[in-house]
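Q: predicted structure and sequence below. I'll ask about it afterward.
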Amino acid sequence: MKAKERVIRALEFRGPDRVPRCILHKPTKKISDYLRIMFKFRNDIMATSFVYRRKKITKTKSRDVWGAVWTSFGNKGEVTESPLSDWSGLEKLKAPEYINNFGVNLIKMTRFFAGNKFLIGNLPDMIFSRCHYLRGFTNFMEDLYDEPENIKKLVWIIAENNIKLIDKYAELKVDGVIGADDLGLQTSLMISPSMWREIFKPAYKAMIERAHQKGMKFILHSCGYIIDVIEDFIEIGLDCLQCDQQDNMGIENLNDRFGGRISFFSPTDIQTTLSTNDEQKISEKAEQLVKTLGSHKGGLIAKAYPSPKDIGVEEKSVLKMFEAFSK
């Protein structure tokens with residue numbers, strides 16, 4: 001079975017020949033080691049994106065394409081200056097133009113080299129996250145109560161720009177799109193489920209539906225405790241949740257409630273398992289994921305965590321995880 005078919009079958013619960021694997025993030029600096037790992041575990045997924053960069057301001061500060069200023073100290077950092085701190089700028093706000101010849105040619109090249117692998121296109125702005133980058137987190141949380149109509153306008157500016165990207169990815173023969181929107185804390189959503197449904201759910205629905213109309217899958221990364229809206233995501237057609245944490249919601253609980261109705265794209269839990277570097281624990285958790293979420297003639301895609309060193313994960317732990325998934 002070829003890689004693309006394997007991934008699609010897993011997402012559609014149609015019986016892939018094995019759990020698909022995504023080994024895009026290398027646990028080693030050596031290219032030779034990375035190629036050895038890729039060959040050993042047979043990577044099924046490739047990723048691509050339009051090209052966009054932050055403009056450097058100082059050694060620790062940079063400005064993104066929306067105008068938000070980020071301060072970082074060796075990592076991604078956080079927004080410290082928000083371009084829409086005053087609502088008077090909303091009418092003039094324009095989404096950035098990500099589509100350009102350089103990016104299009106890069107995606108075409110990636111599609112060619114990906115061959116029969118499943119190719120995912122990145123959506124750089126998910127709506128919940130970009131809203132608080134633009135407004136500032138405190139302002140944004142207050143806005144949800146005090147300025148819901150303005151927030152809704154902002155949500156649709158972001159969503160409609162993503163829909164443009166989805167259309168272009170489809171034209172370039174990309175197989176699916178992925179966006180990142182962290183909605184959860186450790187034990188709850190950041191906002192009430194009812195507020196999320198009123199303000200954000202319609203925009204997610206529109207993006208997912210456009211991807212499906214174009215013959216693509218839609219994957220959403222969201223960390224934290226998001227179990228209260230997973231049923232909503234199933235209702236609006238989300239194909240797959242990319243979760244780096246599962247234990248805070250309970251793997252068995254996720255399987256009992258949602259198994260076979262939405263797919264999961266995950267490493268072993270990065271907080272309780274992968275970061276412990278306990279190889280037995282990692283192996284057992286990988287096996288549990290396969291025997292629960294992956295037991296519905298599909299439903300699970302195994303993946304690497306993108307920044308293993310940031311959470312203290314050793315190379316041997318990543319290898320052990322994929323060895324366990326490969327069984």
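A: Sure thing, it's come through. Numbering: from 1, shown residues only.

Q: which residue lies nearest the spatial centre of this protein?
A: His221 (2.9 Å; Cα atoms, centre = their mean).

Q: OK, contacts around it?
A: Ile178, Gly179, Ala180, Asp181, Asp182, Leu241, Gln242, Cys243, Asp244 (Cβ atoms under 8 Å, 6 or more residues apart in numbering). Just so you know, the C-beta spots here come from the backbone N, C-alpha and C atoms, and that holds for glycine as well.

Q: quick one: the last one and Gly224, what's the gap?
A: Right, Asp244. Applying Cβ to Cβ, to the nearest Å, the value for Asp244 to Gly224 is 10 Å.

Q: same thing with Lys316?
A: Look at Lys316 and Gly224: by Cβ to Cβ, they are 28 Å apart.

Q: which SS class is Met141?
A: Judged by DSSP: H, G, I helix; E, B strand; the rest coil, the three-state class of Met141 is helix.

Q: the strands in the protein, which residues?
A: 21-22, 45-48, 55-56, 61-63, 69-71, 78-81, 118-123, 176-180, 217-221, 240-242, 263-266, 300-303 (DSSP state E).

Q: dump these to a markdown table, plus distance to Arg14 and mean pLDDT.
A: Putting the strands of the chain into a markdown table (distance: least, Cβ to Cβ, whole Å; pLDDT from 0 to 100) gives the following:
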| stretch | distance to Arg14 | mean pLDDT |
| --- | --- | --- |
| strand 21-22 | 18 | 94 |
| strand 45-48 | 17 | 95 |
| strand 55-56 | 46 | 93 |
| strand 61-63 | 44 | 95 |
| strand 69-71 | 42 | 95 |
| strand 78-81 | 42 | 94 |
| strand 118-123 | 14 | 98 |
| strand 176-180 | 16 | 97 |
| strand 217-221 | 13 | 98 |
| strand 240-242 | 14 | 98 |
| strand 263-266 | 11 | 98 |
| strand 300-303 | 14 | 97 |
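
Q: and of those, who's closest to Ile230?
A: strand 240-242 (7.0 Å; Cβ to Cβ).

Q: if we can go back for a sec, and the two most separated of the contacts of His221?
A: Gly179 and Asp244, at 14.9 Å, using Cβ to Cβ across the contacts of His221.

Q: if we can go back for a sec, and of the contacts of His221, the nearest to Lys56?
A: Using Cβ to Cβ, the contacts of His221 come closest to Lys56 at Ala180, 22.9 Å.

Q: for that closest one, which residues are in contact?
A: Contacts of Ala180 by Cβ under 8 Å, 6+ apart are Met126, Ser129, Leu220, His221, Ser222, Gln242.

Q: count of neighbours near the last one?
A: So the one you mean is Gln242. 21 (other Cβ atoms under 10 Å).

Q: that one is in contact with Ile219, isn't it?
A: Yes: between Gln242 and Ile219 a contact is recorded at 5.6 Å, counting by Cβ atoms under 8 Å.

Q: who touches Asp175 in this structure?
A: So Asp175 contacts Lys4, Val7, Ile8, Phe118, Leu119, Ile120, Met216, Lys217 (Cβ under 8 Å, 6+ apart).
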